[in-house]
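Visitor: sequence first, then the predicted structure:
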Amino acid sequence: MPSERFVIPIGPQHPALKEPGHFEFSVEGERVTGATVRLGYAHRGIEKACEERNWVQSLYLLERICGICSHIHTTAYCLGVERLAGVEVPPRAQAIRVLIAELERVHSHLLWLGVAAHEAGFDTLFMYSWRDRETVMDVLEGLTGNRVNYSANVLGGVKYDLDEARAETIRKGVDYLEARTYYYLELVVHDPVFVQRTRGIGTVTREQAEWLGLVGPAARASNVARDLRVESPYAAYDLFPVQMVLETAGDLEARVSVRLKELFESYRVIRTILDKLPTGEIKGRMPKKVREGETVSRVEAPRGELFYFIKSNGTDKAERVKVRTPTLCNLAPMMTLAIGHQLADMPMLLAGVDPCFSCNDRSIVVRNAQEAETRWTWEQLRRYGIEVYKCKR
Amino acid sequence: MRLEELWEQLEARLATWGRTHSPWAVHFNSGSCNGCDIEILATITPRYDLERFGVKIQGSPRHADILVCTGPVTRQARERLLRIYEQMPSPKFVLAVGTCAISGGVFQGCYNVVGRVDAVIPVDMYVPGCPPRPEAIIDGILKLLEKAQAEGVAT
Ligand code: SF4
């Protein structure tokens, strides 16, 4: 008897993820036989908009690519633009950048732990980890004045300095979080229900991970040594080195524990920075115009490698800003890996790579090798968008 | 005749009371940066605990009384936003959270952005901020409920 095949559409508005993404799983019984993803619901055209704004305005726009890793986006952008302009950034500023980046990693990983626990049906852990996340949110708010888009980076340095009293509150927060993280690590490997949902599920071997091009914690869970903080230290990571955290199993459980163990590294780095913060200025002088040239800037976002390409034509505006975010690299492999799994494992599998859609929705024009290179203008893009989404209706 | 009127009044009051004391909310992100969404999620977690006001955030628009919108409306999400709004049963209320939902924010004029939420669907209450704090979002929802109650009693 031929088994029945269904296609199950999920999204773009769905209970599992807070962001718009549309998935289609074809299933045979409970087994997934095919998976596709449709993105673009959050495509706003930020890269193009950068070409219309000056260097400083772009900073605030790029910060809003993603609300979870806002600081790392501006760090990548600032490092690139500063290199282009040949600006010396004071060491204290670089250290504060790293400090905030690590605090952001803590907030992002705790957020993710909660979401993953929620997908696994373990809502208690979701509530726990989000409650504890408020500690790091308080620290960030105290340091920068905002909970989410901190805008701590400016071209040439940072905006906020910290004194001993502030450092003390950060230390206290970190101490508390460290104790909690031990508890979570204990929990996720021992709780039988959680382990059932994670152990041996969505396994990616090391070869697969390399071949599929996973990045970030998802790659490190499969024993692929990929961490830009270690491989090519930027900002102040050469002064405050981190250790790479690797796991070998490659399943969902490994992805959980890689992230949790990374938190300990973050806590350690945060403490070292607080103890050995270089003295001096927090901001260098930044010219209005940036001299001609192009550069690549790579940083390690909480979800993996974040890549910026920046090209300047010598004016006060960028000629081209290209952003490649980690989620796109991680999401496509998951669509391949989904095949053969139970349908019920899909939310966990997706959550396992910590997807973030707001940063990976982009438009790409594919051209024939014979066609001449063209540059789409703002107006063309606008008209194209209107046309495409009209037909859809 | 008199009794029937009374009964109708009572019914209406009961409905308003039910609606404003246990509203269900559905959240839709029409192109936001995520910042507002995590703050909305934070409202249901222990420190803020929106559920103590009887508000429940859940998945399906067909069960929802309040639509919580975040982000500017992109061209692709516009259709979905409309569809979700139409799927909701009446009476329905819309809460626009964040500068982007109110005015388009930093994404104003981007080529793939239609604009603010009230250019697409009617909005009842706005919560400004980039992103607004969870307290502000809770305040927005409570103000919306007050408004709903006033309207419900008036009709
Ligand atoms: S208002 Fe701010 S935080 Fe909210 S979606 Fe817009 S840019 Fe993001």
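Guide: All right, it came through fine. Residues are numbered from 1 along each chain as shown, chains lettered A, B, ... in the order given.
Visitor: any idea which helix or strand carries A:Tyr183?
Guide: Assessed by DSSP states H and E, A:Tyr183 sits inside helix A:164-190.
Visitor: now that helix: buried residues?
Guide: Within helix A:164-190, the residues that count as buried by 16 or more other C-beta atoms under 10 Å in any protein chain shown are A:167, A:170-171, A:173-174, A:177-178, A:180-181, A:184-185, A:187-188. Quick note: C-beta positions are derived from backbone N, CA and C, even for glycine.
Visitor: number of nearby residues for residue 56?
Guide: Just going to use chain A. The number of residues packed near A:Val56 is 13, by other C-beta atoms under 10 Å in any protein chain shown.
Visitor: could you do chain B instead?
Guide: Using other C-beta under 10 Å: B:Lys56 sits among 16 other residues.
Visitor: for it, grab phi and psi.
Guide: Per-residue torsions, B:Lys56: phi -120, psi 130 (degrees, to the nearest 10).
Visitor: what's near enough to touch A:Ala120?
Guide: A:Val193, A:Phe194, A:Arg197, A:Thr198, A:Met348 (C-beta atoms under 8 Å, 6 or more residues apart in numbering or on different chains).
Visitor: repeat that for 10 Å
Guide: By C-beta atoms under 10 Å, 6 or more residues apart in numbering or on different chains, the residues touching A:Ala120 are A:126, A:188, A:191, A:193-198, A:252, A:256, A:345, A:347-348, A:351.
Visitor: buried ones among those residues?
Guide: For these, buried by 16+ other C-beta under 10 Å: A:126, A:188, A:191, A:194-195, A:197-198, A:252, A:256, A:345, A:347-348, A:351.
Visitor: in CSV, list these along with secondary structure and pLDDT.
Guide: Compiled in CSV, the buried ones among the contacts of A:Ala120 are given as follows (DSSP: H, G, I helix; E, B strand; the rest coil; pLDDT from 0 to 100):
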residue, secondary structure, pLDDT
A:Phe126, helix, 90
A:Val188, helix, 87
A:Asp191, coil, 86
A:Phe194, helix, 85
A:Val195, helix, 87
A:Arg197, helix, 84
A:Thr198, helix, 85
A:Leu252, helix, 87
A:Val256, helix, 90
A:Asp345, helix, 82
A:Pro347, helix, 80
A:Met348, helix, 82
A:Ala351, helix, 80
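Visitor: before we move on, what SS does A:Leu110 have?
Guide: helix (DSSP: H, G, I helix; E, B strand; the rest coil).
Visitor: what about it, how many neighbours?
Guide: 27.
Visitor: what's the spacing between it and the ligand?
Guide: 19 Å (C-beta to the nearest ligand atom, to the nearest Å).
Visitor: and the residue lying closest to that residue once chain neighbours are set aside, its phi and psi?
Guide: Excluding the flanking residues, the one nearest A:Leu110 by C-beta to C-beta, 6 or more residues apart in numbering or on different chains is A:Arg133, at 4.1 Å. The phi/psi pair for A:Arg133 (degrees, to the nearest 10) reads phi -60, psi -30.
Visitor: pretty sure A:Arg133 sits against A:Leu103.
Guide: No. Contact criterion C-beta atoms under 10 Å: A:Arg133 and A:Leu103 do not qualify, at 11.2 Å.
Visitor: how about the buried ones among the contacts of A:Ala120 in JSON lines, adding distance to B:Tyr85?
Guide: Formatted as JSON lines, those follow (distance: C-beta to C-beta, whole Å):
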{"residue": "A:Phe126", "distance to B:Tyr85": "28"}
{"residue": "A:Val188", "distance to B:Tyr85": "39"}
{"residue": "A:Asp191", "distance to B:Tyr85": "40"}
{"residue": "A:Phe194", "distance to B:Tyr85": "37"}
{"residue": "A:Val195", "distance to B:Tyr85": "41"}
{"residue": "A:Arg197", "distance to B:Tyr85": "35"}
{"residue": "A:Thr198", "distance to B:Tyr85": "37"}
{"residue": "A:Leu252", "distance to B:Tyr85": "36"}
{"residue": "A:Val256", "distance to B:Tyr85": "37"}
{"residue": "A:Asp345", "distance to B:Tyr85": "32"}
{"residue": "A:Pro347", "distance to B:Tyr85": "26"}
{"residue": "A:Met348", "distance to B:Tyr85": "31"}
{"residue": "A:Ala351", "distance to B:Tyr85": "28"}
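Visitor: restrict the residues you listed to those near chain B?
Guide: Near chain B, judged by C-beta under 10 Å from any C-beta of the partner chain, the entries from the buried ones among the contacts of A:Ala120 are A:Phe126.
Visitor: ok, of the buried ones among the contacts of A:Ala120, which one's closest to chain B?
Guide: A:Phe126 (7.8 Å; C-beta to the nearest C-beta).
Visitor: so, low pLDDT: which residues of the chain?
Guide: With no chain named, the answer covers chain A. Residues of chain A meeting the criterion pLDDT under 70: A:1-4, A:14-18, A:391-393.
Visitor: could you do chain B instead?
Guide: Residues of chain B that meet the criterion pLDDT under 70 lie in B:1, B:153-155.
Visitor: helices along that one, start to end?
Guide: B:2-21, B:35-43, B:75-87, B:99-103, B:134-154 (DSSP state H).
Visitor: quick one, the second one and helix B:134-154 angle?
Guide: By that I understand helix B:35-43. In terms of direction (axes from the mean of the first three to the mean of the last three C-alpha atoms, to 10 degrees), helix B:35-43 departs from helix B:134-154 by 80 degrees.
Visitor: do the third one as well
Guide: For helix B:75-87 and helix B:134-154, the angle between their directions (the same axes, to 10 degrees) works out to 40 degrees.
Visitor: hmm, helix B:75-87 in reach of chain A?
Guide: Yes. Remark: helix B:75-87 sits within contact range of chain A at B:Arg75, B:Gln76, B:Ala77, B:Arg78, B:Glu79, B:Arg80, B:Leu81, B:Leu82, B:Arg83, B:Ile84, B:Gln87, by C-beta under 10 Å from any C-beta.
Visitor: go on, the fourth one?
Guide: Yes. Part of helix B:99-103 sits near chain A under the criterion C-beta under 10 Å from any C-beta, namely B:Thr99, B:Cys100.
Visitor: quick one: the strands in chain A?
Guide: A:5-10, A:22-28, A:31-38, A:153-154, A:157-158, A:293-301, A:304-312, A:318-324 (DSSP state E).
Visitor: tell me the most buried of these?
Guide: Highest mean neighbour count of the strands of chain A: strand A:157-158, a mean of 26 (counted as mean count of other C-beta atoms under 10 Å in any protein chain shown).
Visitor: show me what that strand is packed up against.
Guide: Packing contacts for strand A:157-158, counted by 3 or more C-beta pairs under 10 Å, 6 or more residues apart in numbering or on different chains; DSSP states H and E, involve helix A:70-85, helix A:91-119.
Visitor: any chance of those helices in JSON lines with distance to A:Leu306 as columns?
Guide: Formatted as JSON lines, the helices and strands packed on strand A:157-158 follow (distance: least, C-beta to C-beta, whole Å):
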{"stretch": "helix A:70-85", "distance to A:Leu306": "5"}
{"stretch": "helix A:91-119", "distance to A:Leu306": "11"}
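Visitor: from the centroid of chain A, which residue is nearest?
Guide: A:Arg303 (3.8 Å; C-alpha atoms, centre = their mean).
Visitor: A:Cys329 is in contact with that residue, correct?
Guide: Yes. The pair A:Arg303 / A:Cys329 is scored as a contact, 9.3 Å apart, by C-beta under 10 Å.
Visitor: contacting residues around A:Asp275?
Guide: A:Ala167, A:Arg171.
Visitor: same question, A:Ala76
Guide: Counted by C-beta under 10 Å, 6+ apart, A:Ala76 has contacts A:62, A:69, A:153, A:234-235, A:296-301, A:305-308, A:310, A:323.
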